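Q: give me the fold of what follows.
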Amino acid sequence: MKQVCVLGNGQLGRMLRQAGEPLGIAVWPVGLDDEPQAVPFQQSVITAEIERWPETALTRELARHPAFVNRDVFPIIADRLTQKQLFDRLGLATAPWQLLASAAQWPDVFSTLGELAIVKRRTGGYDGRGQWRLRADETAQLPDECYGECIVEQGINFSGEVSLVGARGHDGSTVFYPLTHNLHQDGILRASVVFPHANAAQQAQAETMLSAIMHELNYVGVMAMECFITPGGLLINELAPRVHNSGHWTQNGASISQFELHLRAILRLPLPTPVVNTPSVMVNLIGTALNDDWMKLPLVRLHWYDKEVRPGRKVGHLNLTDSDTDRLSATLEALVPLLPSDYASGITWARVKLD
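A: Numbers count the residues shown, from 1 in each chain. Got it, this is the predicted structure:
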């Protein structure tokens, strides 16, 4: 079995390593500043847990490596401008948008896109960072250096957010998980809920769109696509060319986790459609200290990243999976007093989804 080097040594690389162990796959998450001679990349398939990286001695070596899967795809998806241009070229539904090159464009922006503008940095912004929600009297809030480095989108009136996590093999075959319902607060994913059988029309539309993207890019491995639910159907919000936070429920709620699925795809191993038999809930742990009492609840599976706890930092997640939604809901209710008060609204949202 070939070994795998993961560019990036955060929690996604850690979970890829954990997924490889039962299969006898050695997975090496590597830091961007690691010395090339300390990394066994010459005998490895290369993947990444991040979309962008600085130029270092190691990344220069990896950029030349013929087994760096999706190497040429990352720059396209990491830049929101080229990502949006990809959607337009494929005729895929997304929020109306344009490049924001100068402050002189604002009258045209609001005339064309409406009263609410969502400004996003082309590169680097995530978890709500590098984004602004602006109306016509608020444009002075945008730093001058953002012009030319941002796109601006129409503010969408959506009824919910979903993501599709799927994978494509080297042979072009694709498999997908059911759509995941997501709750974001301040741009950060707080909770996810998934059912074995998603809305059939939404699932079909999402699979068609993500398939078109992966085939166009000749992408191999797991990709996640975040969408808004609107009366006219799904609108693509963003892509992630990697395993994704909204797919963490698959560790306990599917026959094959997204992490194992990614390893299978890049290593040319069998890629069956994962089986999902029961509803699942994922609760992100953000800037929250470890509490052993979470594990007193039998449905709760803790995934702790062993990172320094800081405000706004993802430090772990809780997975809950059960065939009985009443038991799931009751366990979520029991979690409320074991978590800081700002989790209550996300748990309430998840319980409503389960009803």
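Q: can you report how many residues neighbour Gln37?
A: 9 (other Cβ atoms under 10 Å). Yep, even glycine has a C-beta here, placed from its N, CA and C like the rest.
Q: now do the helices in the stretch 201-350 of the chain.
A: Along the stretch 201-350 of the chain, counting by DSSP state H, counting those that start in this stretch, helices occupy 250-253, 258-266, 325-335, 344-354.
Q: tell me which residue is most central in this protein.
A: His244 (3.3 Å; Cα atoms, centre = their mean).
Q: what's that residue sitting at in phi/psi?
A: Main-chain torsions, His244, degrees, to the nearest 10: phi -140, psi 150.
Q: tell me who's in contact with the closest residue to it other than its chain neighbours.
A: Distances taken as Cβ to Cβ, 6 or more residues apart in numbering put Ala224 closest to His244, at 3.4 Å, once the chain neighbours are dropped. Counting by Cβ atoms under 8 Å, 6 or more residues apart in numbering, Ala224 touches Ser163, Leu164, Val165, Leu239, Ala240, Arg242, Val243, His244, Ser246, Gly247.
Q: repeat that for 10 Å
A: By Cβ atoms under 10 Å, 6 or more residues apart in numbering, Ala224 lies in contact with 163-166, 177, 180, 210, 238-247, 258.
Q: bridging residues for it?
A: Val165, Ala240 (DSSP bridges).
Q: show the pLDDT at it.
A: pLDDT for Ala224: 98.
Q: so which of the helices of the stretch 201-350 of the chain is nearest Asn284?
A: helix 344-354 (8.3 Å; Cβ to Cβ).
Q: by contact count, what packs against the closest one?
A: Other helices and strands packing on helix 344-354, by 3 or more Cβ pairs under 10 Å, 6 or more residues apart in numbering; DSSP states H and E, are strand 180-185, strand 188-194, strand 280-286, helix 325-335.
Q: give me that answer again for 6 Å
A: Under the contact criterion of 3 or more Cβ pairs under 6 Å, 6 or more residues apart in numbering; DSSP states H and E, helix 344-354 touches strand 180-185, strand 188-194, helix 325-335.
Q: output the second one as PDB, nothing but the C-alphas.
A: So that's strand 188-194. Output of strand 188-194 as PDB, limited to C-alpha atoms (Å, rounded to 0.1, in the frame of the first residue of the first chain):
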ATOM      1  CA  ILE A 188     -18.600  29.700  11.200                       C
ATOM      2  CA  LEU A 189     -20.300  26.300  11.000                       C
ATOM      3  CA  ARG A 190     -21.900  25.500  14.300                       C
ATOM      4  CA  ALA A 191     -24.000  22.400  13.600                       C
ATOM      5  CA  SER A 192     -25.000  19.900  10.900                       C
ATOM      6  CA  VAL A 193     -27.900  17.600  10.500                       C
ATOM      7  CA  VAL A 194     -28.200  14.800   7.900                       C
END
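Q: adjacent strands (with direction) for it?
A: Per DSSP bridges, strand 188-194 is paired in its sheet with strand 180-185 (antiparallel), strand 280-286 (antiparallel).
Q: and these as CSV, adding mean neighbour count and distance to Asp342?
A: Shown next, in CSV, are these (neighbours: other Cβ atoms under 10 Å; distance: least, Cβ to Cβ, whole Å):
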stretch, mean neighbour count, distance to Asp342
strand 180-185, 21, 8
strand 280-286, 25, 9
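Q: now these in a markdown table, with distance to Trp106 and mean pLDDT?
A: Output for the strands paired with strand 188-194, formatted as a markdown table (distance: least, Cβ to Cβ, whole Å; pLDDT from 0 to 100):
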| stretch | distance to Trp106 | mean pLDDT |
| --- | --- | --- |
| strand 180-185 | 26 | 97 |
| strand 280-286 | 34 | 98 |
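Q: could I get the ones you listed as JSON lines with distance to Ala136?
A: What follows is those, written out as JSON lines (distance: least, Cβ to Cβ, whole Å):
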{"stretch": "strand 180-185", "distance to Ala136": "25"}
{"stretch": "strand 280-286", "distance to Ala136": "33"}
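Q: nearest to Trp53 among those would be which one?
A: strand 280-286 (23.9 Å).
Q: next, the angle helix 344-354 makes with that closest one.
A: Interaxial angle, strand 280-286 versus helix 344-354 (axes from the mean of the first three to the mean of the last three Cα atoms, to 10 degrees): 170 degrees.
Q: offset the numbering so it begins at 23, please.
A: Okay, residue one is now 23; in that scheme the one you just asked about reads as strand 302-308.
Q: strand 302-308 vs helix 347-357, what angle?
A: Going by the same axes, to 10 degrees, strand 302-308 makes 20 degrees with helix 347-357.
Q: which other residues reach strand 302-308?
A: 211-216, 270-271, 275, 336-343, 372 (Cβ atoms under 6 Å, 6 or more residues apart in numbering).
Q: pLDDT score for the spatially closest residue to Val52 that is not a sequence neighbour?
A: Spatial nearest neighbour of Val52, chain neighbours left out: Val61 (5.0 Å); criterion: Cβ to Cβ, 6+ apart. The score at Val61 is 86. That number is its pLDDT.
Q: what do you get for the one 5 residues further on?
A: Reported pLDDT at Ser66 in the predicted model: 93.
Q: bridge partners for it, pull those for me.
A: With DSSP bridges as the criterion, Ser66 is bridged to Gln25.
Q: what's in contact with stretch 227-238?
A: With Cβ under 6 Å, 6+ apart as the criterion, stretch 227-238 contacts Leu112, Leu114, Leu186, Gly188, Arg190, Thr196, Phe198, Leu201, Met245, Met247, Gly255, Leu256.
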